[in-house]
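Trainee: take a look and give me a structure for this.
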Amino acid sequence: MDLLPWLATHRALLVGALGVAMSVATTVHVLAIPRLPRSAAGWLAVIWLSPIVGPIIYVLLGINRIVHKGQRLRPPPRVEPSDAEGVPSHALVDHLGDAGHLAGLAAAADHLVARPLLAGNRVEPLVDGDQAYPAMLEAIAGARRSIALESYIFDADRVGGRFIDALAAARARGVEVRVLIDAAGVRYHRPAADRLLRRAGVPCALFLPIRRAFPRYWNLRNHRKILVIDGEVAFTGGMNLRVHHWLGEQPTDPTRDLHFRVEGPVVAQLFEVLADDWAFATGEVLDGDRWYPPLAARGHVLARAIPEGPDDDSDPLPWTILTALSVARRRVCVVTPYFLPDPPLVAGLDVAALRGVTVDVVIPERTNFRFVDAAVRGGLWQLLDRGVRIWRTPPPFDHTKLLTVDGAWSLIGSTNWDPRSLRLNFELDVEAYDAALTARLDALVDARIASARRYTRDEHDARGRARRLLDGAANVLQPYL
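Mentor: Here you go, the predicted model:
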């Protein structure tokens, strides 16, 4: 039998059989892997409604290949120093005072996070790049032993260039320097910062390099922002390294944000997260006193690092947020640039509001993604109906990520309230128990609200038909944004 004519005659049948086989194979994988019903149903729809193309999309985007690789490459957990013991429950209650009910939140986090809550920390808010960048550059200039830097975006612009020069100068004077940049984030600007750093003699690596047209891990990005100086002082929060955040430099796309300077025992936890990422990317384990010096108490904040990532299916951060919402009694403040909470978080906010808790959600009037703006609008009715107060801030775009509860607990870091941050990205947040710190953060939130306008159900209902259709269509894709 002549094979080529037979194949040409039965081409449609073969393509159909291939499509069915691919759909069946990927369906088996979807059903075999534990995932949320909504996510599973969405992938099954993509697979069966788009034969051949749907299974290919699932293989590229829907499979978390990084769990086993991460577990294989990351070094064993580091033993905590003897002086970094967790805070006893009675000391926590005494520290919280009239917010003693938050002790239940700390107990839950003890089960969710493989790190103890540590006393003796100082956490200093730094508003915008105008405060954060000079403080970070000064710390780099004063480094004596080691500098470790991790960022999602590191632009080699007129701000990033200052960091490159400062890191190169530190390296030249004998300081050990390591820089880790996400392989997608480094592509936001040309020339690429990693090339300039290596040219200056600074050891630099990319997280999950994108070397092929269809890389296996391109959808799993490292969104963490950590700078650790001499193992003693850390900076973390939501700020990338780019001119957009330094408003005094009058950038073309000004972006507000919030960063933090951290001192005390919790700095070791922040560095452990960064060191794990460095070992994952390079195979080099950073250890010794140069990186892990003894850490004395520097303040009165109780703090704990909470890493989140697709290599850990226990979801410590979403569960911590849900617990915080469940124990709140007076006020919850959420500030986030991208507000696309999944159903459990929506329910947590709604239930808190229904219990009489004041729930303020502060989001930008416009983000840097118009489609995301539509998706956000499409889901706000779920909160407006239950009494959650939505505040929309005017330009410049506010990239701040912040959660506070009852004037005594705050969550700071890199995580947005969207599926990408909470399911796909590698993120780092810090929970902090301290009334003075939370009061400062609540004051920042209130300042945002003072310049914002409240988004009401009447405004939501007044949208035109075309806007409603667009918002609804965008919101349907919320799990994939």
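Trainee: now the phi/psi pair for F339, please.
Mentor: Here is the backbone geometry of F339 (degrees, to the nearest 10): phi -110, psi 90.
Trainee: model confidence for the residue lying closest to it once chain neighbours are set aside, exactly?
Mentor: Setting aside the residues directly before and after it, F339 is nearest to I363 in space (CB to CB, 6 or more residues apart in numbering), at 4.6 Å. Backbone N, C-alpha and C define where each C-beta goes, glycine included. You'll see I363 listed with a pLDDT of 98.
Trainee: dump the residue contacts of I363.
Mentor: Contacts were defined as CB atoms under 8 Å, 6 or more residues apart in numbering; by that measure I363 touches 335-337, 339, 376, 390-393, 398.
Trainee: from these, which is closest to P88?
Mentor: V335 (31.9 Å; CB to CB).
Trainee: any idea how far apart the tips of stretch 353-369 sit?
Mentor: 29 Å (CA to CA, to the nearest Å).
Trainee: brain fart, stretch 274-293
Mentor: Using CA to CA, the gap from the first to the last residue of stretch 274-293 comes to 16 Å.
Trainee: doesn't the residue nearest to F339 belong to a helix?
Mentor: No: assignment of I363 by DSSP: H, G, I helix; E, B strand; the rest coil gives strand, placing it outside any helix.
Trainee: how close does it sit to M239?
Mentor: From I363 across to M239, the span is 18 Å (CB to CB, to the nearest Å).
Trainee: try A184
Mentor: Using CB to CB, we find A184 at a distance of 17 Å from M239.
Trainee: run a quick neighbour tally on A17.
Mentor: Using other CB atoms under 10 Å, A17 has 11 neighbouring residues.
Trainee: wait, doesn't R448 sit right on T393?
Mentor: Yes: R448 lies in contact with T393 (CB atoms under 8 Å); the separation is 5.5 Å.
Trainee: shared neighbours, the two?
Mentor: Common neighbours of R448 and T393, counting by CB under 8 Å, 6+ apart, are V362.
Trainee: ranges for the strands of the stretch 51-200 of the chain?
Mentor: Assigned by DSSP state E, counting those that start in this stretch, the strands in the stretch 51-200 of the chain fall at 118-127, 146-151, 176-182.
Trainee: got it, and the stretch 201-350 of the chain?
Mentor: With DSSP E, counting those that start in this stretch, the ranges of strands along the stretch 201-350 of the chain come out as 204-207, 226-229, 233-237, 255-256, 258-263, 301-308, 331-335.
Trainee: CSV please, covering these and showing mean pLDDT, distance to N475 and mean neighbour count.
Mentor: Formatted as CSV, the strands of the stretch 201-350 of the chain follow (pLDDT from 0 to 100; distance: least, CB to CB, whole Å; neighbours: other CB atoms under 10 Å):
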stretch, mean pLDDT, distance to N475, mean neighbour count
strand 204-207, 96, 31, 23
strand 226-229, 98, 33, 26
strand 233-237, 98, 28, 25
strand 255-256, 96, 25, 23
strand 258-263, 98, 27, 23
strand 301-308, 97, 24, 25
strand 331-335, 98, 18, 23
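Trainee: nearest to A32, of those?
Mentor: Using CB to CB, those put strand 301-308 closest to A32, at 23.9 Å.
Trainee: give me the angle between that closest one and strand 258-263.
Mentor: Angle, strand 301-308 to strand 258-263, by axes from the mean of the first three to the mean of the last three CA atoms, to 10 degrees: 120 degrees.
Trainee: so what does strand 301-308 touch, helix or strand wise?
Mentor: Other helices and strands packing on strand 301-308, by 3 or more CB pairs under 8 Å, 6 or more residues apart in numbering; DSSP states H and E, are helix 103-112, strand 118-127, helix 266-282, helix 316-327, strand 427-433.
Trainee: just say which of the ones you listed is most tucked in.
Mentor: Most buried of the helices and strands packed on strand 301-308, by mean neighbour count (mean count of other CB atoms under 10 Å): strand 427-433, with a mean of 25.
Trainee: how big is the angle separating that strand from helix 316-327?
Mentor: 30 degrees.
Trainee: show residues contacting strand 427-433.
Mentor: The contact list for strand 427-433, computed with CB under 8 Å, 6+ apart, reads 92, 95-96, 102, 106, 109, 117, 121, 123, 223-226, 236, 260, 262, 266, 270, 273, 301-309, 317, 320, 408-415, 421, 438.
Trainee: for the next helix or strand after that strand, buried residues please.
Mentor: Later in the chain than strand 427-433, the nearest helix or strand by DSSP states H and E is helix 435-450. Of the residues in helix 435-450, 435, 437-438, 441-442, 444-445, 448-449 count as buried by neighbour count, 16 or more other CB atoms under 10 Å.
Trainee: for V177, state which of those residues is nearest.
Mentor: Nearest to V177 among these, with distances taken as CB to CB, is L437, at 30.1 Å.
Trainee: is it true that that closest one touches V262?
Mentor: No: counting by CB under 8 Å, L437 does not reach V262; the two are 11.0 Å apart.
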